[in-house]
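Chemist: Build the 3D model from these lines:
(2 chains)
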Number of protein chains: 2
Amino acid sequence: MSRFLNDPDDAVTEMLEGFLLAHPELERHGSSRVVTTATPPAGRVAIVTGGGSGHKPAFIGYLGEGMFDAVVCGDVFASPPVGSVLEAIRTVNTGQGVLLLLGNYSGDVMNFEMAADMARDEGIEVEMAVATDDLGAGSNVRPDQRRGVSGQFLIWKTVGAAARQGAPLTELKQLAQDVNAATRTMGVSLNGCTLPGSTKPTFSIEEGQMEIGVGHHGERGRSTEPLVPVDDIVNRLVEEINQELQLGQGDRAAVVINGLGGTPMLELYVAYRRVALLLRERGVSLDVNFVGEYFTALGMHGFSITLMKLDDRTFDLLNEPARTPHFTQTKPQN
Amino acid sequence: MSRFLNDPDDAVTEMLEGFLLAHPELERHGSSRVVTTATPPAGRVAIVTGGGSGHKPAFIGYLGEGMFDAVVCGDVFASPPVGSVLEAIRTVNTGQGVLLLLGNYSGDVMNFEMAADMARDEGIEVEMAVATDDLGAGSNVRPDQRRGVSGQFLIWKTVGAAARQGAPLTELKQLAQDVNAATRTMGVSLNGCTLPGSTKPTFSIEEGQMEIGVGHHGERGRSTEPLVPVDDIVNRLVEEINQELQLGQGDRAAVVINGLGGTPMLELYVAYRRVALLLRERGVSLDVNFVGEYFTALGMHGFSITLMKLDDRTFDLLNEPARTPHFTQTKPQN
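Modeler: Numbers count the residues shown, from 1 in each chain, chains lettered A, B, ... in the order given. So this is what the prediction gives:
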């Protein structure tokens, strides 16, 4: 597949150079792939994340006020090395500890755990919270073996805001785990995606088919089925999600309709319409919504639906201001 | 081509329903496709735009503080009807006049002109500014016959900010024309795009080819050529743009690297990197940048480069706050 790149092997390096040229308020450390905000998070816990590249705006697009203090960038869809994670921890620690937020992928978990152990040996307080919001592989998959997908955006936003409010490390870790437990995601796509330098997509399905349960790396889902109207797709995904979340009369929810990179926003809003009507029918108050591209898989034509059960605290945290290259939020007017 | 829709004929209606459910601070008027902010622009000029749908976040994604007061939505890639444009003008006029911002497409220009005339007959002061930033068809095309493409984002942002500062109608029209005259755009893509309900793309090129000079409706460009590294594409597009803008030592510029809907942000930042390095080599100060999807063509895999020559006034206006569903900006910290 053709792409707008130079040497595909240089894609992440050149992207990072471009990103830092466009956002000079951020800093790159040494020759590594650690990017941080210019101001260290003095007197509070630092929030660090990372993972493979190719998911933009995630992760570096959310570096800044109210979200991340450091991001460690791997190659496209590849875990960042242990040394880089350790460097990120050292760089942003100001003595109040560091919380690592990541998705449940074995390479990421292993490298972040090793870096956390090494940092602890240096006397830095480090905790980790691993997101497992994806129901794509089915509800019979044990919760701790599920992937972290676009529901992570809600973890990043709430935990980032709470860190700025001065919450201590143990409370932030608990918050991340609570938000993760209250959040489920299901994805669907019309194709896989093609890595830079590769000529083949991660998978292909026939025109008129859809893949249910895809991941954020072009992973095949759990079933290939005839494409149906998007209202029917939404009905089904929300139904599966809600078998676990049990949102009902009087509950409050947040939703993310996340485009995977090649999906027109027109389609995302048609999908959102059905989610909103469905939840309204059930008496659920849809108090927060994010519709757009928050966590992509290169140019995949697909989307994911994330639902989260809200309480007063998480509602407030989602509404706190944020100011990052690709997500800016001001206080609501009312 | 498969899409995540219900009946394709309902796509725009359902998208609008979804959009209004997601952004209840906006209002839809009657059964028409006019969307406005909830608060009329009392005591100042109102800014209205519109055009075909399928370009999101343009146009309705920019309704709100610091940008548009009303947007008139047509069908996908189709001009909105005269009656809707007139309704928009009537709805947001508070006696200070209405400025219509639009791109240079014959259907849009005709319908907006007719609506403006009818509004003037009712005693409403209306002016129009038509964007012609696209160099896609070549510099031998007369400036007044060029299309309006992603450079319009810079017009919307500057004019929207100046309207909030209380600038009168004639000054706002002049500002829009000045920004347009200081702005040029060139686009490139790897494919056309497919309209909802259609099975064929607007055009197809072979793998390994690129189309130079594409528009925002999947229009074919001026030439199909072998795909080259993105640095070489950028060199060429910037060169063509700068033959007209003549940016040189000591000049200040704004840039938009606009994804057309299916282009990974990874690629946009690799392209931005080269733009930034090129301008630096020439002694141009790149003071404002926007990298992302600002004005799309459904899911087209392509991007456009917009350059604008800045002065102190337009620099300040681009940095004024904005608060809309898909573009929020806070004052810079310094």
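Chemist: Just the mean pLDDT for stretch A:199-212, thanks.
Modeler: Averaged over stretch A:199-212, pLDDT sits at 95.
Chemist: Please point out which parts of it sit buried.
Modeler: Of all the residues in stretch A:199-212, those buried under the rule 16 or more other C-beta atoms under 10 Å in any protein chain shown are A:201-203, A:205, A:210-212. Heads up, the C-betas are built off the backbone N, CA and C, glycines and all.
Chemist: Please apply the same query to stretch A:158-166.
Modeler: By 16+ other C-beta under 10 Å, the buried positions in stretch A:158-166 come out as A:158-164.
Chemist: I'd like those as CSV, with secondary structure appended.
Modeler: As requested, these are exported to CSV (DSSP: H, G, I helix; E, B strand; the rest coil):
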residue, secondary structure
A:158, helix
A:159, helix
A:160, helix
A:161, helix
A:162, helix
A:163, helix
A:164, helix
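Chemist: all helices of chain A, in order?
Modeler: Ranges of helices within chain A are A:11-22, A:82-92, A:106-121, A:152-164, A:169-181, A:230-245, A:265-281, A:312-319, based on DSSP state H.
Chemist: Single out the most deeply packed of the ones you listed.
Modeler: Greatest average neighbour count among the helices of chain A goes to helix A:152-164 (a mean of 26), per mean count of other C-beta atoms under 10 Å in any protein chain shown.
Chemist: Give me the residues contacting that helix.
Modeler: Helix A:152-164 has contacts (C-beta atoms under 8 Å, 6 or more residues apart in numbering or on different chains) with A:41, A:44-47, A:49, A:58, A:62, A:65-68, A:99, A:101, A:103, A:129, A:131, A:133, A:171-172, A:175-176, A:179-180, A:183, A:254, A:256, A:258, A:290, A:294-295, A:306, A:308, A:314, A:317-318, A:320, A:322, A:327.
Chemist: quick one: that helix to chain centroid distance?
Modeler: On the basis of C-alpha atoms, centre = their mean, to the nearest Å, helix A:152-164 sits 11 Å off its chain's mean C-alpha point.
Chemist: got the angle between that helix and helix A:169-181?
Modeler: Going by axes from the mean of the first three to the mean of the last three C-alpha atoms, to 10 degrees, helix A:152-164 is angled at 160 degrees with respect to helix A:169-181.
Chemist: Compute the mean per-residue pLDDT across helix A:152-164, please.
Modeler: Average pLDDT, helix A:152-164: 98.
Chemist: Residue A:72 touches residue A:52, doesn't it?
Modeler: No: Residue A:72 is beyond contact range of residue A:52, at 10.4 Å (criterion: C-beta atoms under 8 Å).
Chemist: quick one on the thing from earlier: I'd like the helices of chain A laid out as JSON lines, including distance to residue B:250.
Modeler: Converted to JSON lines, the helices of chain A look like this (distance: least, C-beta to C-beta, whole Å):
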{"stretch": "helix A:11-22", "distance to residue B:250": "19"}
{"stretch": "helix A:82-92", "distance to residue B:250": "36"}
{"stretch": "helix A:106-121", "distance to residue B:250": "46"}
{"stretch": "helix A:152-164", "distance to residue B:250": "40"}
{"stretch": "helix A:169-181", "distance to residue B:250": "48"}
{"stretch": "helix A:230-245", "distance to residue B:250": "52"}
{"stretch": "helix A:265-281", "distance to residue B:250": "39"}
{"stretch": "helix A:312-319", "distance to residue B:250": "44"}
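Chemist: Once you drop chain neighbours, what's closest to whichever residue of the stretch 51-200 of chain A sits closest to chain B?
Modeler: When distances are taken as C-beta to the nearest C-beta, the stretch 51-200 of chain A reaches nearest to chain B at residue A:56, 3.8 Å away. In space, and not counting its chain neighbours, residue A:56 is closest to residue B:265: 3.8 Å by C-beta to C-beta, 6 or more residues apart in numbering or on different chains.
Chemist: returning to what we had before: with respect to residue A:90, which of the buried residues of stretch A:158-166 is nearest?
Modeler: The closest of the buried residues of stretch A:158-166 to residue A:90 turns out to be residue A:163 (C-beta to C-beta; 17.8 Å).
Chemist: who in the stretch 51-200 of chain A is up against chain B?
Modeler: Contacts of the stretch 51-200 of chain A with chain B, taken as C-beta under 8 Å from any C-beta of the partner chain, map to A:53-54, A:56-57, A:61, A:76, A:188, A:190, A:196.
Chemist: Filter the residues you listed down to just the ones in strands.
Modeler: Under the assignment DSSP state E, these contribute A:53, A:76, A:188 to strands.
Chemist: Is the first one bridged to anything, and to what?
Modeler: Beta-bridge partners recorded for residue A:53 (DSSP bridges): residue A:76.
Chemist: do the last one as well
Modeler: Here residue A:188 sits in beta bridges with residue A:212, residue A:303, going by DSSP bridges.
Chemist: for stretch A:22-37, how far is the first residue from the last?
Modeler: Using C-alpha to C-alpha, to the nearest Å, one end of stretch A:22-37 lies 14 Å from the other.
Chemist: Out of the buried residues of stretch A:199-212, which sit inside strands?
Modeler: A:210-212.
Chemist: Contacts only, for residue A:246.
Modeler: Per C-beta under 8 Å, 6+ apart, neighbours of residue A:246: none.
Chemist: Which one of the buried residues of stretch A:199-212 is nearest to chain B?
Modeler: Looking across the buried residues of stretch A:199-212 and measuring by C-beta to the nearest C-beta, the closest to chain B is residue A:210, at 7.5 Å.
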